[in-house]
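Build me a structure from this.
(2 chains)
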There are 2 protein chains.
Amino acid sequence: MENFNFYSPTYFAFGKDRENEAGSLVKRFGGSKVLIHYGGGSVVRSGLLDRVKASLDKEGIPYVLLGGVKPNPRSGLVYEGIDLCKKETVDFVLAVGGGSTIDSSKAIAAGTVYDGDFWDFYMGKRIDEALPVGTILTIAAAGSEGSPDSVITKEEGMFKRGASGDAIRPKFSILNPALTQTIPAYQTAAGITDIMAHLHERYFTNSKDVEVTDRLIEGLLLTMIHEAPRVIANPNNYEARANIMWAGMMAHNNSCGVGRSQDWNSHAIEHELSALYDCAHGAGLAVTMPAVFKYVYKHDVMRFAKLAVRVWGCQMDFDNPEATALQGIACLENFLRSIGMPLNFDELGAKEEDIPKLVDVLCYGNGRTGSISGFVTLDIEDCTKIYKMMV
Amino acid sequence: MENFNFYSPTYFAFGKDRENEAGSLVKRFGGSKVLIHYGGGSVVRSGLLDRVKASLDKEGIPYVLLGGVKPNPRSGLVYEGIDLCKKETVDFVLAVGGGSTIDSSKAIAAGTVYDGDFWDFYMGKRIDEALPVGTILTIAAAGSEGSPDSVITKEEGMFKRGASGDAIRPKFSILNPALTQTIPAYQTAAGITDIMAHLHERYFTNSKDVEVTDRLIEGLLLTMIHEAPRVIANPNNYEARANIMWAGMMAHNNSCGVGRSQDWNSHAIEHELSALYDCAHGAGLAVTMPAVFKYVYKHDVMRFAKLAVRVWGCQMDFDNPEATALQGIACLENFLRSIGMPLNFDELGAKEEDIPKLVDVLCYGNGRTGSISGFVTLDIEDCTKIYKMMV
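Now for the predicted structure:
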């Protein structure tokens, strides 16, 4: 196991009706004027926004509103949010929505107290200071409610890039599984896929002797495999939603990823897809992951076989571990198919002729010099082959 | 799943040589004068205390020393520590040792800023305020490095009781697995047993639909079963020590125990044993757990069978789930025996004739009115039978 730091100071308020505590939590964590940041109409239509406003009113905390966050959140709205926070002397950003809204809120929180262009953080500068952020999560997926990360897409060039720093870890996150019950099946499945991707990205490691985090990751994957069909069959299954929601947080606050190298190549390869086609990130990952895994599994057959046996319940083929490894990947594909996810370019809306453009941005964007690194280092030729496997 | 709050803001610095960061971490978390609290001679002999002092010196942070913490830490030393902190205007308590030292440090930290008798907290008053506490852990066992809990024994009457509050959660905890390599085999095994007990106490629940935390607990138990024989065979196995150390923290910071009722009857029943006989807490739990489980398993046969199948690898007996449940408990006993733990009163140094005294303090001490509650409510007759099963 490698040396590591682990720091997850977010206060989680989990369960039914907890959004009504938003006001008291903002107060507890020092907010006196709030930006409520949210996405589309569902937060309004469902009455959630009104409940949050009422909760702030009850504590006498004034607020300003900024809606309009889109999936794969854009830099344009971040600039707008920063201007608004400065003008209104906001001192707390409250995200009401999913990963996109939370990531946009984190960017606004960091940008408001920064003299330069907030995009600097997404070009590699660490975020050391930000307004405090709180979240009310409405979809289990990104894990941004418990992470120090944010991903934003810059409109000019459609660059999708991430930033990080403990300063943007939410002070509190309210997780009410009931709020996720109205999410359409496709989005629910995309969220499930994203959570499972976060677990796979941590599982595929070159670190040795990491049994404790292996077992935690496997446990969370087993949970997803158990709960996903239940929630797809019945979107109102609160209990299944609850198990998925806590698994989603645990999958990404890094408690199961410490002390080990991680992969993240599937995410890198996917980010170019959702940047170019504006597809759901989870859907893109469903297309990406099996291709990446089939391309790299020979790098550590036994690790893939372990996942197949422990998580997918495959019988170990002791004469031919490669067969077990491949069987595990096939199980993942079947599972993703069963919850309604796309598995190829066509189903995703991606185009084969864009591959040269995709690999160019992937391997040379964001300061990269011709390859991406993770479980296996992949150069432009590898990435081209992987994209072609998805066609 | 039940509504819950989860808050684990401790900063964990994990790995080799991390104790040399003690000074900078004390500074980061606001300490300007430190009480270094520790136990016996091993912290001195190993040179650890000198390294910690040097680290504080380097940051120009003055300190006072208080050694002498014993296993099952006593109230007498806590009073001494409180007096010392007040006299020396200490503003940070640094525990260098195991669970006993950390628990004693937490008691001192709470007592120093409290006008009344610190024992009030151990009679049920919540700890809302305390000096900040940091820890340098030297044994994987109690999980106190990541918990809001402290257990102290009052000399008058030998009452062993717990207190709790977010204010005594460590601000930082340094976990260097190498520091645990010198621990004798018996203490190592007792620590392993304590960790496994923390997991069992959370596993046995009456809450329904808690797959995510079930799976996390199972994953941590599987880790312990894999790593314990390795570390017993070779005390210098850093990697096994590392996996156990992180599992010990995760087992008790409650990330795997949220949203579910928990048991804690084995702990309550054991506390009377270590209070009366001053035995190692983990050793007492090795004697206690199998007896309790055999007494209560019929309350939820399927839960015991699930643990047997998923954790101990038993084959499910679909015609007779009770047989599987009992087989799992037998596996636990065999495992505890294999790592050198006692399994009965004799081996522990406990006496059958003390049972009336044990059950009386157990069922009527600490404000209890004739029973203890958890997975199953156990009255004085039940507890008598359980203690007799250990003879």
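
what is the mean pLDDT for stretch A:239-254?
The average pLDDT for stretch A:239-254 rounds to 97.

what does the stretch 201-350 of chain A have sitting close to chain B?
Residues of the stretch 201-350 of chain A lying near chain B by CB under 8 Å from any CB of the partner chain: A:208-213, A:215-216, A:218-220, A:222-223, A:226-227, A:239-240, A:242-244, A:246-247, A:250, A:255, A:258-259. (Each C-beta comes from the backbone N, C-alpha and C, glycine too.)

From the centroid of chain A, which residue is nearest?
A:Ala142 (2.5 Å; CA atoms, centre = their mean).

ok, that residue touching A:Lys106?
No - distance between A:Ala142 and A:Lys106: 11.2 Å, which falls outside the contact criterion (CB atoms under 8 Å).

Show me which helix runs longest in chain A.
helix A:211-233 (DSSP state H).

what packs against it?
Contact analysis of helix A:211-233 by 3 or more CB pairs under 8 Å, 6 or more residues apart in numbering or on different chains; DSSP states H and E lists helix A:185-203, helix A:238-250, helix A:301-310, helix A:321-338, helix B:211-233, helix B:238-250 as its packing neighbours.

quick one: contacts for the nearest residue to A:Thr112 once chain neighbours are set aside?
Distance criterion CB to CB, 6 or more residues apart in numbering or on different chains; nearest residue to A:Thr112, sequence neighbours excluded, is A:Cys85 at 4.2 Å. Residues near A:Cys85 by CB atoms under 8 Å, 6 or more residues apart in numbering or on different chains: A:35, A:93, A:108, A:112, A:131.

Let me know the closest of those residues to chain B.
Taking CB to the nearest CB as the measure, chain B sits nearest to A:Leu131 out of those, at 18.8 Å.

Number of residues surrounding that closest one?
A:Leu131 is flanked by 22 other residues according to other CB atoms under 10 Å in any protein chain shown.

Give me the distance between it and A:Pro170.
11 Å (CB to CB, to the nearest Å).

re earlier: just the contacts of A:Cys85: which are in strands?
Applying DSSP state E to the contacts of A:Cys85, the entries found in strands are A:35, A:93.

can you put the contacts of A:Cys85 in CSV and add distance to B:Phe375 and pLDDT?
Output for those, formatted as CSV (distance: CB to CB, whole Å; pLDDT from 0 to 100):
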residue, distance to B:Phe375, pLDDT
A:Leu35, 46, 98
A:Val93, 43, 98
A:Ile108, 47, 98
A:Thr112, 49, 98
A:Leu131, 45, 98
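
I would like a ChimeraX command selecting only the buried ones among the contacts of A:Cys85, please.
Typed into ChimeraX, the line below selects the buried ones among the contacts of A:Cys85, using 16 or more other CB atoms under 10 Å in any protein chain shown:
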select /A:35,93,108,112,131
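
ok, back up a step: and the helices and strands packed on helix A:211-233: which comes nearest A:Asp354?
With CB to CB as the criterion, A:Asp354 lies closest to helix A:185-203 of the helices and strands packed on helix A:211-233, at 20.9 Å.

what comes up buried for the closest one?
Those would be A:187-203, for helix A:185-203 by 16+ other CB under 10 Å.

Report how many residues lie close to whichever residue of the stretch 51-200 of chain A sits closest to chain B.
Closest to chain B within the stretch 51-200 of chain A is A:Pro177: 7.9 Å, counting by CB to the nearest CB. Using other CB under 10 Å, A:Pro177 has 24 neighbouring residues.
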